[in-house]
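**Q** Got a predicted structure plus its sequence, pasted below:
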Amino acid sequence: MNAAVDPTLHLRPMQAPDLDAVMACERANYEFPWQEEVFVECLRVGYNCWVAELGRVVVAHGVMSVGADECHILNLCVHPHLQGLGYGRRLLRRLLGLARRRGADTAFLEVRVSNQGARGLYAAEGFCEIGTRRGYYPARNGREDAVVLALAL
(Lines give C-alpha, C1' and ligand atoms only; values in the text may rest on other atoms or scores of the structure.)
Protein backbone atom coordinates (compact mmCIF):
# COMPACT_ATOMS: atom_id res chain seq x y z
CA MET A 1 0.00 0.00 0.00
CA ASN A 2 3.05 2.26 -0.22
CA ALA A 3 2.91 5.05 -2.77
CA ALA A 4 5.95 6.11 -4.73
CA VAL A 5 8.46 8.09 -2.70
CA ASP A 6 8.28 11.83 -3.30
CA PRO A 7 11.43 12.77 -5.24
CA THR A 8 11.73 16.01 -3.27
CA LEU A 9 12.49 14.10 -0.06
CA HIS A 10 15.94 15.09 1.17
CA LEU A 11 17.89 13.15 3.83
CA ARG A 12 20.55 14.92 5.88
CA PRO A 13 22.24 14.80 9.28
CA MET A 14 20.14 16.21 12.11
CA GLN A 15 21.27 19.49 13.65
CA ALA A 16 20.32 21.21 16.89
CA PRO A 17 17.99 23.70 15.11
CA ASP A 18 15.95 20.69 13.88
CA LEU A 19 14.94 19.68 17.40
CA ASP A 20 11.70 21.69 17.53
CA ALA A 21 10.45 19.92 14.37
CA VAL A 22 11.77 16.56 15.57
CA MET A 23 9.94 16.97 18.88
CA ALA A 24 6.72 17.96 17.10
CA CYS A 25 6.94 14.75 15.05
CA GLU A 26 7.65 12.70 18.19
CA ARG A 27 4.68 14.20 20.02
CA ALA A 28 2.38 13.68 17.02
CA ASN A 29 3.31 9.97 16.93
CA TYR A 30 3.74 8.83 20.49
CA GLU A 31 1.90 9.13 23.76
CA PHE A 32 5.32 8.66 25.42
CA PRO A 33 7.80 10.44 23.10
CA TRP A 34 11.52 10.71 23.64
CA GLN A 35 12.46 13.79 25.62
CA GLU A 36 14.36 16.55 23.81
CA GLU A 37 17.32 15.98 26.14
CA VAL A 38 17.72 12.47 24.72
CA PHE A 39 18.11 13.86 21.20
CA VAL A 40 20.52 16.51 22.47
CA GLU A 41 22.65 13.80 24.08
CA CYS A 42 22.54 11.62 20.94
CA LEU A 43 23.81 14.56 18.89
CA ARG A 44 26.46 15.36 21.51
CA VAL A 45 27.92 11.85 21.60
CA GLY A 46 27.97 11.54 17.82
CA TYR A 47 25.22 9.02 17.13
CA ASN A 48 23.97 8.92 13.57
CA CYS A 49 21.05 11.32 13.80
CA TRP A 50 19.25 12.06 10.52
CA VAL A 51 16.18 13.90 9.32
CA ALA A 52 14.07 13.65 6.18
CA GLU A 53 12.75 16.90 4.74
CA LEU A 54 10.09 17.74 2.21
CA GLY A 55 11.14 21.15 1.03
CA ARG A 56 12.37 22.68 4.26
CA VAL A 57 9.95 20.80 6.51
CA VAL A 58 11.28 17.96 8.66
CA VAL A 59 8.85 15.05 8.25
CA ALA A 60 10.86 12.15 9.71
CA HIS A 61 13.89 11.43 11.83
CA GLY A 62 16.09 8.54 12.83
CA VAL A 63 18.79 7.84 15.39
CA MET A 64 21.30 4.99 15.26
CA SER A 65 24.36 3.98 17.25
CA VAL A 66 27.19 1.97 15.68
CA GLY A 67 29.89 0.07 17.53
CA ALA A 68 31.44 -3.35 18.05
CA ASP A 69 30.47 -4.56 14.56
CA GLU A 70 26.78 -3.83 15.08
CA CYS A 71 24.31 -1.01 14.91
CA HIS A 72 21.19 -0.28 16.91
CA ILE A 73 18.33 1.67 15.38
CA LEU A 74 17.21 3.63 18.42
CA ASN A 75 14.48 5.77 16.88
CA LEU A 76 12.76 5.90 13.48
CA CYS A 77 9.77 8.21 13.26
CA VAL A 78 7.69 9.53 10.37
CA HIS A 79 5.00 12.16 10.86
CA PRO A 80 1.69 10.27 11.15
CA HIS A 81 0.09 12.11 8.21
CA LEU A 82 2.92 10.93 5.94
CA GLN A 83 3.31 7.31 6.98
CA GLY A 84 3.03 4.66 4.29
CA LEU A 85 4.65 6.80 1.59
CA GLY A 86 8.11 5.24 1.75
CA TYR A 87 9.83 7.98 3.76
CA GLY A 88 10.57 5.70 6.71
CA ARG A 89 11.94 3.05 4.34
CA ARG A 90 14.30 5.57 2.71
CA LEU A 91 15.51 6.81 6.07
CA LEU A 92 15.98 3.26 7.37
CA ARG A 93 17.96 2.30 4.28
CA ARG A 94 20.17 5.38 4.69
CA LEU A 95 20.91 4.47 8.30
CA LEU A 96 21.68 0.85 7.39
CA GLY A 97 23.96 2.00 4.58
CA LEU A 98 25.87 4.20 7.02
CA ALA A 99 26.15 1.26 9.42
CA ARG A 100 27.58 -0.98 6.68
CA ARG A 101 30.15 1.67 5.74
CA ARG A 102 31.19 1.87 9.40
CA GLY A 103 31.77 -1.88 9.57
CA ALA A 104 28.59 -3.11 11.24
CA ASP A 105 27.57 -6.62 10.26
CA THR A 106 24.29 -6.80 12.22
CA ALA A 107 21.50 -4.29 12.88
CA PHE A 108 19.23 -4.49 15.91
CA LEU A 109 16.11 -2.62 16.97
CA GLU A 110 13.10 -2.84 19.25
CA VAL A 111 9.55 -2.11 18.18
CA ARG A 112 6.28 -2.06 20.10
CA VAL A 113 4.31 -5.27 19.74
CA SER A 114 1.30 -3.12 18.77
CA ASN A 115 3.11 -1.14 16.04
CA GLN A 116 2.02 -3.23 13.06
CA GLY A 117 2.99 -0.60 10.49
CA ALA A 118 6.61 -0.45 11.67
CA ARG A 119 6.78 -4.21 12.09
CA GLY A 120 5.63 -4.62 8.48
CA LEU A 121 8.30 -2.22 7.25
CA TYR A 122 11.05 -3.99 9.15
CA ALA A 123 9.91 -7.43 7.97
CA ALA A 124 9.82 -6.19 4.37
CA GLU A 125 13.39 -4.92 4.78
CA GLY A 126 14.55 -8.35 6.00
CA PHE A 127 14.56 -7.95 9.78
CA CYS A 128 13.81 -11.14 11.73
CA GLU A 129 12.35 -11.49 15.21
CA ILE A 130 14.94 -12.71 17.69
CA GLY A 131 13.21 -12.09 21.02
CA THR A 132 10.94 -10.06 23.24
CA ARG A 133 11.70 -7.48 25.91
CA ARG A 134 8.88 -7.71 28.44
CA GLY A 135 7.51 -4.37 29.63
CA TYR A 136 10.05 -2.40 27.58
CA TYR A 137 7.85 0.55 26.62
CA PRO A 138 5.65 2.76 28.80
CA ALA A 139 1.97 2.41 27.96
CA ARG A 140 -1.26 4.00 29.09
CA ASN A 141 -2.15 1.00 31.24
CA GLY A 142 1.31 0.02 32.44
CA ARG A 143 3.99 -1.33 30.11
CA GLU A 144 4.10 -2.82 26.59
CA ASP A 145 6.42 -5.51 25.29
CA ALA A 146 8.96 -4.86 22.55
CA VAL A 147 9.78 -7.25 19.76
CA VAL A 148 13.56 -7.41 19.22
CA LEU A 149 14.54 -7.59 15.56
CA ALA A 150 17.86 -8.23 13.83
CA LEU A 151 19.17 -7.96 10.28
CA ALA A 152 22.43 -9.32 8.91
CA LEU A 153 24.13 -6.53 7.00
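**A** Happy to help now that I have it. As the structure is a computational prediction, the values presented were derived from the model and not from experiment.
**Q** If we go by neighbour counts, what in stretch 11-24 is buried?
**A** Going by neighbour count (16 or more other CB atoms under 10 Å), the buried part of stretch 11-24 is 11, 14, 18-19, 21-23. From N, CA and C alone the C-beta is placed, and that goes for glycine too.
**Q** ok, now stretch 92-112?
**A** Buried residues in stretch 92-112, defined by neighbour count with 16+ other CB under 10 Å: 92, 94-96, 98-99, 104, 107-112.
**Q** tell me which of those residues is nearest to A150?
**A** When the buried residues of stretch 92-112 are compared for distance to A150, the smallest value, 5.3 Å, is given by F108; criterion: CB to CB.
**Q** residue ranges for the strands of the protein, please.
**A** Listed in chain order, the strands of the chain (DSSP state E) span 9-13, 48-54, 57-67, 70-78, 106-112, 128-139, 142-152.
**Q** how about those in JSON lines, adding mean pLDDT and distance to R27?
**A** As requested, these are exported to JSON lines (pLDDT from 0 to 100; distance: least, CB to CB, whole Å):
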{"stretch": "strand 9-13", "mean pLDDT": "96", "distance to R27": "22"}
{"stretch": "strand 48-54", "mean pLDDT": "97", "distance to R27": "16"}
{"stretch": "strand 57-67", "mean pLDDT": "97", "distance to R27": "12"}
{"stretch": "strand 70-78", "mean pLDDT": "98", "distance to R27": "10"}
{"stretch": "strand 106-112", "mean pLDDT": "98", "distance to R27": "17"}
{"stretch": "strand 128-139", "mean pLDDT": "97", "distance to R27": "15"}
{"stretch": "strand 142-152", "mean pLDDT": "97", "distance to R27": "18"}
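**Q** All set now, cheers.
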